[in-house]
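1. need a 3D model of the following:
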Amino acid sequence: MSRVRKTIAVVVAGMAGLVVAGTSQAQATESGWNCEYGRVCLYIDTAAEQRWVVDGCGWHNRPSGLPFKAVKTAGNGVKFSQNGRIVEYVPPWTNRILGAGQNFTNFEVLC
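-> Take a look at the predicted model:
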């Protein structure tokens, strides 16, 4: 297979994965600092013992009772809001402790 064909195959396979990731709304609590491409991962503590993986673009409600402390954005930015007001923006490809965003009520994954 030529180099061009291999490159096209990889790009098409990657795009298919992005379409699937963008349409799914499933979230799961997992552990570790890994965060797949196109996802936003919210961490319950800064030791990465537990994380909430957000699958999909658009607005999401905060799961009740989970005290998020950190965020990792693997390709998509995220805006955190509290009572309809944006309190923190985290750009794509960022890994950091949340400031005012710790008290968010919902958030938007920007795709």
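2. so where do the helices sit in the chain?
-> 3-23 (DSSP state H).
3. and the strands in it?
-> 27-30, 40-43, 51-54, 58-61, 70-73, 77-82, 85-90, 94-97, 106-110 (DSSP state E).
4. need these in CSV (columns: mean neighbour count).
-> C-beta here means a position set from N, CA and C on the backbone, and glycine is covered the same way. Converted to CSV, the strands of the chain look like this (neighbours: other CB atoms under 10 Å):
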stretch, mean neighbour count
strand 27-30, 12
strand 40-43, 25
strand 51-54, 21
strand 58-61, 13
strand 70-73, 22
strand 77-82, 19
strand 85-90, 16
strand 94-97, 13
strand 106-110, 19
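5. possible to save these as JSON lines with mean pLDDT?
-> Output for these, formatted as JSON lines (pLDDT from 0 to 100):
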{"stretch": "strand 27-30", "mean pLDDT": "55"}
{"stretch": "strand 40-43", "mean pLDDT": "91"}
{"stretch": "strand 51-54", "mean pLDDT": "86"}
{"stretch": "strand 58-61", "mean pLDDT": "94"}
{"stretch": "strand 70-73", "mean pLDDT": "93"}
{"stretch": "strand 77-82", "mean pLDDT": "94"}
{"stretch": "strand 85-90", "mean pLDDT": "95"}
{"stretch": "strand 94-97", "mean pLDDT": "92"}
{"stretch": "strand 106-110", "mean pLDDT": "95"}
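6. what distance do you get for the closest residue to Ala70 other than its chain neighbours to Lys69?
-> Distance criterion CB to CB, 6 or more residues apart in numbering; nearest residue to Ala70, sequence neighbours excluded, is Tyr43 at 4.0 Å. Distance, Tyr43 to Lys69, using CB to CB, to the nearest Å: 6 Å.
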